[in-house]
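# Just the structure for this:
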Amino acid sequence: MGNESSSGRAWAHAGMDLLSLGLWEVVATPYELAQREEKSRYAITYDPAGNVIDVKKLGEK
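Here you go, the predicted structure:
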């Protein structure tokens, strides 16, 4: 999903390129660029026993 690699998706796009004589790129490129996801990062603090004691989303104040 999003920016994640997919060999199946790559083969499907290659096939569509061949079948449409390259016109598929006019549709596919903007579509693929619009599929980006925002990813969140978290800082997780553990106690010595390995239990989670705090979770903070990075970038938030």
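# Okay, now the unreliable bits of this protein?
Within the chain, the segments meeting pLDDT under 70 span 1-5, 36, 60-61.
# All the helices of it, residue numbers only.
Ranges of helices in the chain, per DSSP state H, are 7-19, 24-34.
# Which one, of those, ends up nearest to residue 46?
Evaluated over the helices of the chain, closeness to residue 46 peaks at helix 7-19, with 36.7 Å, by C-beta to C-beta. Glycine gets a C-beta too; all of them are placed from N, C-alpha and C.
# picking up where we left off before, would you format the helices of the chain as a markdown table with distance to residue 50 and mean neighbour count included?
As requested, the helices of the chain are arranged in a markdown table below (distance: least, C-beta to C-beta, whole Å; neighbours: other C-beta atoms under 10 Å):
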| stretch | distance to residue 50 | mean neighbour count |
| --- | --- | --- |
| helix 7-19 | 37 | 11 |
| helix 24-34 | 41 | 11 |
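# Okay, residue 30 and residue 44: tell me how far apart.
37 Å (C-beta to C-beta, to the nearest Å).
# try residue 25
Taken as C-beta to C-beta, the span from residue 25 to residue 44 is 42 Å.
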